[in-house]
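J.: turn this into a model:
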Amino acid sequence: MTKGILRRFAAHPWWGVLGCTLLIYVTVPLARGIQRFVGATLGRQAFLYSVLAALAAGFLALLYVLIVRLGIRTPARYFWLIVAGGLYLHFILQLKKSPEEAVHFLEYGLLGFLLFRALNRSIRDKSVYFTAALSTLLIGTFDEILQWSMPGRYWDFADAGLNGLSGGLFQLILWGVVKPETTDQRISRRSVVVLSAAFGFCLLLFSLCASNTPARVARYSERLPFLSFLRREEPMSEFGFRHEDPDIGVFFSRLSLDELRKIDEAESGHWAPILDTSKDIPYEDFLAAYPSPEYPFLYELRVHTYRRDHYFGSATASSDPRDRREPCWIAYKEDLILRKYFPRTLANSRYLWGPEILSDACLNVDPQKPYKSAVSDKLITAFSERTMWAVTLGAMLSLVVLHSAWAILENRRRRGPRTRPRAESDKEHRTPRTLS
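T.: Modelled structure (predicted):
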């Protein structure tokens, strides 16, 4: 009997979820070593080709099961299989420049299946697909947080979203192609409560990550010294400004336009000599010495000059005029940002371009073509931190109120119409006394 209980306990589907999650988390510290080894022996694109091969094998295996084993003749199922497979292929191919990230589609696709299998034991309706997808997103976000805490690794909201997307696409396959009979029950309030909880946890975690700015990291690491190493990591998130200029296009900054102008006017004599020292030291070392949270003006100035010089160097290294046009255009626009918003500091430094260089950069450049600078484009500019938390807390409070109201209405419905007290009812039907 004891062996039977242990066997059932070991076969519980949540063990698969736990094992897959731990395997993903354990490989985070080893990822860079694995990537270097594979890159040196097979090339970085081996990751991409392996994922594409696994995707093709899974697609063919599912086709075999549908056609041969189950004899499915419904065109809609094959349509959804093609749609889901096409979406997988599309998003995987978007990762050509960072093929190592494509492995996440395999990891979180498998995790999405295991989460569905575990949740479906208690959630027997179609809300299980959404709950499984949100649970995958939640685990994937913790994965990105763990990566951020590792030296040389970075946080990206887009990467966390890709992890959730992988699990979500697998739910699309389960819903549109497999159509398990275990999801045919009517959606219950308990299922909606679980789904709302998963959504609330995801929203809360993303808000906490967005609020994990360098200033906040510095504050809590002072109180908890064992977390002081986080100060050296790339910022998880920063709030800033999206600036639009009719002559330039769009560029991003941690400072407002007024702040940029005031600092440039008042402190150009201080920052220009420091900027000149970057000519003699590696670019990464300079940025490490003057990080963006402490030196936003100097940091952004150096990144703009680097981007301008890098693309201008790429243009001059090419003999084909068609290949030179795009990098020259980028260099021209970056120089325009520097001259317009960092003019005094640039003029006092060794980074000011002379007329002959500028004329070369302007060759075959369309000054009216819209431009969006990649410098600091990861800043959160669509909303403020206060607005974000107002929306987050408002959404969570609304969910609590709605579920409470639903519970009250459901309880009233179960009780049925209220009946009058028995004593009053008997009194109404009592036969009146007569005088004898």
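
J.: show me the shaky parts of the protein.
T.: 1-11, 360-361, 363, 417-436 (pLDDT under 70).

J.: and it, what are its domains?
T.: Per automatic domain parsing, the structural domains of the chain span 10-187, 241-362.

J.: ok, which of those domains comes nearest residue 227?
T.: Ranking these by their distance to residue 227 (criterion: Cβ to Cβ) puts domain 10-187 first, at 8.9 Å. Every C-beta, even on glycine, is put in place using the N, C-alpha and C of the backbone.

J.: of the domains of the chain, which is nearest residue 413?
T.: The nearest among the domains of the chain, by Cβ to Cβ, is domain 10-187 at 14.8 Å.

J.: run the chain-centre distance for the closest one.
T.: Chain-centre distance of domain 10-187: 15 Å, with Cα atoms, centre = their mean, to the nearest Å.

J.: how much space separates the residue nearest the centre of the chain from residue 380?
T.: The geometric centre of the chain, computed from its C-alpha atoms, lies nearest to residue 157 (Cα atoms, centre = their mean), at 2.6 Å. Distance, residue 157 to residue 380, using Cβ to Cβ, to the nearest Å: 9 Å.

J.: repeat for residue 224
T.: From residue 224 across to residue 380, the span is 25 Å (Cβ to Cβ).

J.: of the two, who's got more company?
T.: Neighbours were counted for residue 224 and for residue 380 using other Cβ atoms under 10 Å; residue 380 has more, 18 against 10.

J.: so who does the nearest residue to that one once chain neighbours are set aside touch?
T.: With sequence-adjacent residues excluded and distances taken as Cβ to Cβ, 6 or more residues apart in numbering, residue 380 is closest to residue 239, at 4.9 Å. For residue 239, the contact set (Cβ atoms under 8 Å, 6 or more residues apart in numbering) comprises 213, 379, 380, 381, 384, 385.

J.: doesn't residue 240 make contact with the third one?
T.: Pointing back at residue 380 there. Yes. Counting by Cβ atoms under 8 Å, residue 240 is a contact partner of residue 380 at 7.0 Å.

J.: residue 328: helix or strand, and which one exactly?
T.: Using DSSP states H and E, residue 328 sits in helix 321-341.

J.: who does the helix or strand just after that helix touch, helix- and strand-wise?
T.: Once the chain leaves helix 321-341, the next helix or strand it forms, by DSSP H and E, is helix 343-347. If you count contacts as 3 or more Cβ pairs under 8 Å, 6 or more residues apart in numbering; DSSP states H and E, helix 343-347 packs onto helix 257-277.

J.: what packs against the helix it packs on?
T.: helix 296-316, helix 321-341, helix 343-347.

J.: nearest to residue 55, out of the ones you listed?
T.: Ranking these by proximity to residue 55 (Cβ to Cβ) places helix 321-341 first, at 32.3 Å.

J.: return the distance of that closest one from the chain's centre.
T.: Taking the mean of its C-alpha atoms, helix 321-341 sits 30 Å from the chain's own mean (Cα atoms, centre = their mean).

J.: isn't residue 157 up against residue 206?
T.: Yes. Taking contacts as Cβ under 8 Å, residue 157 lies within contact range of residue 206: 7.4 Å.

J.: looks to me like residue 242 is in a strand.
T.: Yes. Applying DSSP: H, G, I helix; E, B strand; the rest coil, one finds residue 242 inside a strand.

J.: number of nearby residues for the residue nearest to it when sequence neighbours are not counted?
T.: Excluding the flanking residues, the one nearest residue 242 by Cβ to Cβ, 6+ apart is residue 381, at 3.9 Å. By other Cβ under 10 Å, 17 other residues sit near residue 381.

J.: start at 641 instead
T.: Noted, 641 is the first residue going forward, which turns the last one into residue 1021.

J.: which phi and psi values does residue 1021 adopt?
T.: When read as degrees, to the nearest 10, the backbone of residue 1021 gives phi -120, psi -10.

J.: what sits against it?
T.: 879, 880, 881, 882, 892.

J.: tell me how many other residues crowd the second one.
T.: Looking back up the chat, that one is residue 880. 19.

J.: same check on residue 1048?
T.: Residue 1048 has 10 neighbours, counted by other Cβ under 10 Å.

J.: the strand or helix carrying it: which residues count as buried?
T.: Using DSSP H and E, residue 1048 sits in helix 1025-1055. By 16 or more other Cβ atoms under 10 Å, the buried positions in helix 1025-1055 come out as 1028, 1032, 1036, 1039.

J.: quick check, residue 669 in contact with residue 789.
T.: No. Using Cβ under 8 Å, residue 669 makes no contact with residue 789, being 9.9 Å away.
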